[in-house]
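Enquirer: sequence and predicted structure, then a few things I'm wondering about:
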Amino acid sequence: MQVEIFSDIACPWCYIGKRRFQQALERYEHADDVEVVWRSFELDPGAPRDQTGLTIDHLKDKYGIDHEEAMRMLDGATREAATVGLDFRLAHARQANTFDAHRLTHYAATLGLQERLLEALMYAQQVGGEYLGSAETLERLAVAAGLDRDSVREMLASDAFADAVRADEDRARRLGISGVPFFVFDSASGISGAQRSEYFLQALEQLGSRTDAAVQ
């Protein structure tokens, strides 16, 4: 079975969904038969490259709400994150154009380090208050995840893997995906949102049994 996971690094619910799906996969009897493919999705592809403001200020401007209302929006994600062992600090999360970060995850995939880097980037965004629009920040986090510093620096200075990011986003449009996280099972069934791990486990068991039957 192949599971494509469309997500944005800047999306707190994507991080929660990632953890919940992993919890389900750890409990799935045939986890070794599941191929997980991470797909890029930018929630704000038009974000300025030099954008450095706080996410909470962006929400206030976008929805015309005050600080308290914006915090209530973020508190829901914070409470849900705690259920999967994450201590979100969303009041300190910073807005960033994530295109280069997505390019970097595609590069990491060629080295078998994509999932590790994704975890590091999402943690840095939602917990650490890091600015992921900075090449220096991306380089530091990539090196900590096991990538070579010089190779990362050279890759970020180029347009390498830009086509891979755009191809993922084109695929999302063809599939009618407008929000993330979104999980696609064998190009046929989809689950939207950061569902509970039990829900993901049920989907794996049901859809996996269909795959097994088709093979037989």
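Expert: Sure thing, it's come through. Numbers count the residues shown, from 1 in each chain.
Enquirer: verify the stated contact: Trp73 with Lys60.
Expert: Wrong residue type there; residue 73 is Met, not Trp. No: judged on C-beta atoms under 8 Å, Met73 makes no contact with Lys60 at a distance of 9.8 Å. Every C-beta, even on glycine, is put in place using the N, C-alpha and C of the backbone.
Enquirer: which parts of stretch 133-143 are buried?
Expert: For stretch 133-143, burial by neighbour count (16 or more other C-beta atoms under 10 Å) applies to 133-134, 137-142.
Enquirer: how about stretch 42-49?
Expert: Residues of stretch 42-49 classed as buried: 42, 44, 47 (neighbour count, 16+ other C-beta under 10 Å).
Enquirer: could you do stretch 101-117 as well?
Expert: 101-109, 113-117.
Enquirer: give me the low-pLDDT residue ranges for this structure?
Expert: 210-216 (pLDDT under 70).
Enquirer: give me that answer again for 90
Expert: Along the chain, the model assigns pLDDT under 90 to residues 44, 46-53, 58-59, 62, 73, 208-216.
Enquirer: now do the strands in it.
Expert: In the chain, the strands defined using DSSP state E lie at 2-7, 35-40, 182-185, 189-192.
Enquirer: helices and strands around the second one, which ones?
Expert: For strand 35-40, the elements it packs on are strand 2-7, helix 99-109, helix 114-126, helix 162-174, judged by 3 or more C-beta pairs under 8 Å, 6 or more residues apart in numbering; DSSP states H and E.
Enquirer: can you list those in JSON lines and add distance to Gln22?
Expert: Below are these laid out as JSON lines (distance: least, C-beta to C-beta, whole Å):
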{"stretch": "strand 2-7", "distance to Gln22": "10"}
{"stretch": "helix 99-109", "distance to Gln22": "16"}
{"stretch": "helix 114-126", "distance to Gln22": "9"}
{"stretch": "helix 162-174", "distance to Gln22": "20"}
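Enquirer: Gly193: which of those is closest?
Expert: When the helices and strands packed on strand 35-40 are compared by C-beta to C-beta, strand 2-7 sits nearest Gly193, at 11.4 Å.
Enquirer: how far off centre is that closest one?
Expert: Per C-alpha atoms, centre = their mean, to the nearest Å, the displacement of strand 2-7 from the mean C-alpha position of its chain is 10 Å.
Enquirer: and of the strands of the chain, who's closest to Glu205?
Expert: strand 182-185 (11.6 Å).
Enquirer: so what strands line up beside that closest one?
Expert: Sheet partners assigned to strand 182-185 using DSSP bridges are listed as strand 2-7 (antiparallel), strand 189-192 (antiparallel).
Enquirer: contacting residues around that strand?
Expert: The contact list for strand 182-185 (C-beta atoms under 8 Å, 6 or more residues apart in numbering) reads 1-7, 17, 21, 41, 172, 175, 190-193, 200, 203, 207.
Enquirer: circling back: between the strands of the chain, which one is nearest to Ala157?
Expert: Closest to Ala157 of these is strand 35-40 (C-beta to C-beta; 19.4 Å).
Enquirer: so the closest one versus helix 99-109, what angle?
Expert: 160 degrees (axes from the mean of the first three to the mean of the last three C-alpha atoms, to 10 degrees).
Enquirer: show me what counts as buried in strand 35-40.
Expert: 36, 38-40.
Enquirer: now tabulate those residues in TSV and tack on distance to Glu26.
Expert: Listed next are the buried residues of strand 35-40 as TSV, based on distance: C-beta to C-beta, whole Å:
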residue	distance to Glu26
Val36	12
Trp38	17
Arg39	21
Ser40	25
